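Undergrad: just to be clear, the model below is a prediction. Sequence and coordinates:
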Amino acid sequence: MARVITVTSGKGGVGKTTTTANLGTALARYGARVALIDADIGLRNLDVVMGLENRIVYDLVDVIEGRARVRQALIKDKRLPEMYLMPAAQTRDKDAVNAEDMIALANEMHTDFDYILIDSPAGIESGFRNAIACANEVLIVTTPEVPSVRDADRVVGLVEASEKGPPRLIINRIKPRLVSRGEMLSVDEVVEILAIEPIGVVPEDEVILSSTNRGEAAVFNAQSIAGRAFDDIARRLRGEEVPFMDMSEQPGVLERWFGGLFRRRAKA
Amino acid sequence: MITIKGAKDGLQVQIDQTADWDAILSALRTQFEHGGSSFFAGARLTLDIGNRRVDEQQLADVLQLMEHYGMRPGSLLTTEGDSRAVARAAGLVTRAASRQNNNTRNEHDAEDGMLLVRTVRSGQVIRYHGNVTLIGDVNPGAEVIAGGSVVVWGRLRGMVHAGALGRAEALICALELRPTQLRIASLIARTPDDGASSVPEVARVQGDHIIVEVWEAYRRTRADT
């Protein structure tokens, strides 16, 4: 039985697709059978980030409307034979799919994979609702910016209301130097507002830009600090205990969340 | 004649079973007017008419009134068959009324209280006719609207409207009072752009203004009187 994990955010442009691609790739490198589903119907991106755009024959809407079988639409990754992508349709919109369709699709794929990662569209409308309908875990991506955190908070509320269990948080594109100068929200401040468990903090990294354009996930690049952070998140998803990366300007922030939470609260 | 209550899925209005319908409409209008823009606007309102028989016109009148004040019709609670049929024809969901006591009070009871232990997140609205005690935070973009006072045992960063049905004596207290906006009765205040206090504070109405005091200072003024 696969774990169905939806990556969502509320606000656009915070790194959902990058996160989905990198987590999927990292999990597949650890030997898991991984399927990535691009649920952003009409604005598909995940295939481009994965470098698989030119292999698309059928897409998710073709499967749902019965023109193709799941196996026909799934595209095998270039490098990892255990990873597949279900691309979104580019010429349709979100109304082409509903929540029952997504649940049926996930059910059909359940036995063939260990992880099914779903890249959610931005927003809180039907596309988002479809993307979380079949999830049993939800990851919320935010950047340490006020509008992004505000939207993430809205989405946390909606996910909680859908009774998926508490979502976990990925704080993306943090710039330790700006945080230390007080010009950017710190991890601590973001976690304080959202009050959900963080599963990873990903520093800003230019490698992401070049790897996104090349269609190759940053986790393949041992030099990439963001790639390493995504790899850590994948290991945490697998149940390993991985200490949070030391971003020297803000020492021990996450250790406090996990280790000294009650002590800190008691003092405050 | 009418009783307004906060319910799980919005607000509920209990309507007296015998009083004249026009009097009820005017009582509702007065109440909605009192609520200003925030207490009723956007709320889902359930009507409980008990065993009363309403006709199409009467129902249309009350629905129109609700729409005028920005409410969405929820369901209609009634034990009366004809009323149920009329409501269904108007597109309302009907449920059997389970009115325990027939003595509807003239006033919604502002002394009622609700305790919540949670985070109120952006986009979420808590609406209640009485006092609200929240153990947890009110995040930016969230709203708490109460007929009585609001106590937040946590960080208040969203919008709180206390005394939203007109009670100017209502208070707003928080461990960390840093709201985007505060409202008490018909008054509105916003937080000064620089003010960031981390001690418990109390907001209340004095004259025509909402004033905010450190809890210790408020307690001393109370002790003096």
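TA: Here it is on my side, so go on. Numbers count the residues shown, from 1 in each chain, chains lettered A, B, ... in the order given.
Undergrad: give me the number of residues near the residue nearest to B:A96 when sequence neighbours are not counted?
TA: Leaving aside its sequence neighbours, B:A96 sits nearest to B:T79 (CB to CB, 6 or more residues apart in numbering or on different chains; 6.2 Å). Quick note: C-beta positions are derived from backbone N, CA and C, even for glycine. B:T79 has 15 neighbouring residues, counting by other CB atoms under 10 Å in any protein chain shown.
Undergrad: swap in the one 3 residues further on?
TA: Around B:D82 there are 11 other residues, counting by other CB under 10 Å.
Undergrad: list the buried residues of stretch B:177-188.
TA: Within stretch B:177-188, the residues that count as buried by 16 or more other CB atoms under 10 Å in any protein chain shown are B:177-180, B:182-186.
Undergrad: now stretch B:39-59
TA: Neighbour-count burial for stretch B:39-59, counted by 16+ other CB under 10 Å, picks out B:39-40, B:43, B:45-50, B:52, B:54, B:58-59.
Undergrad: can you tell me which of these is nearest chain A?
TA: Nearest to chain A, judged by CB to the nearest CB, of the buried residues of stretch B:39-59 is B:A43 at 17.4 Å.
Undergrad: correct me, but the closest one touches B:Q12?
TA: No. Using CB atoms under 8 Å, B:A43 makes no contact with B:Q12, being 10.1 Å away.
Undergrad: between the two ends of stretch A:107-121, how far is it?
TA: 21 Å (CA to CA, to the nearest Å).
Undergrad: what do you get for stretch B:95-114?
TA: So stretch B:95-114: terminal residues 25 Å apart, CA to CA.
Undergrad: and for stretch A:180-188?
TA: Taking CA to CA, the first and last residues of stretch A:180-188 lie 12 Å apart.
Undergrad: average model confidence for that stretch?
TA: Per-residue pLDDT over stretch A:180-188 has a mean of 88.
Undergrad: list the buried ones in it?
TA: In stretch A:180-188, counting by 16+ other CB under 10 Å, buried: A:184-188.
Undergrad: of all these, which comes closest to A:S224?
TA: The nearest member of the buried residues of stretch A:180-188 to A:S224, counting by CB to CB, is A:V187 at 19.6 Å.
Undergrad: would you mind measuring from the closest one to B:R190?
TA: Applying CB to CB, to the nearest Å, the value for A:V187 to B:R190 is 29 Å.
Undergrad: in helices, which of the buried residues of stretch B:39-59 fall?
TA: Per DSSP state H, helices hold the following members of these: B:58-59.
Undergrad: from the buried residues of stretch B:39-59, which are also near chain A?
TA: Counting by CB under 8 Å from any CB of the partner chain, nothing from the buried residues of stretch B:39-59 sits close to chain A.
Undergrad: could I get the buried residues of stretch B:39-59 as TSV with pLDDT?
TA: Output for the buried residues of stretch B:39-59, formatted as TSV (pLDDT from 0 to 100):
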residue	pLDDT
B:F39	81
B:F40	84
B:A43	84
B:L45	86
B:T46	87
B:L47	87
B:D48	88
B:I49	87
B:G50	85
B:R52	86
B:V54	87
B:Q58	87
B:L59	88
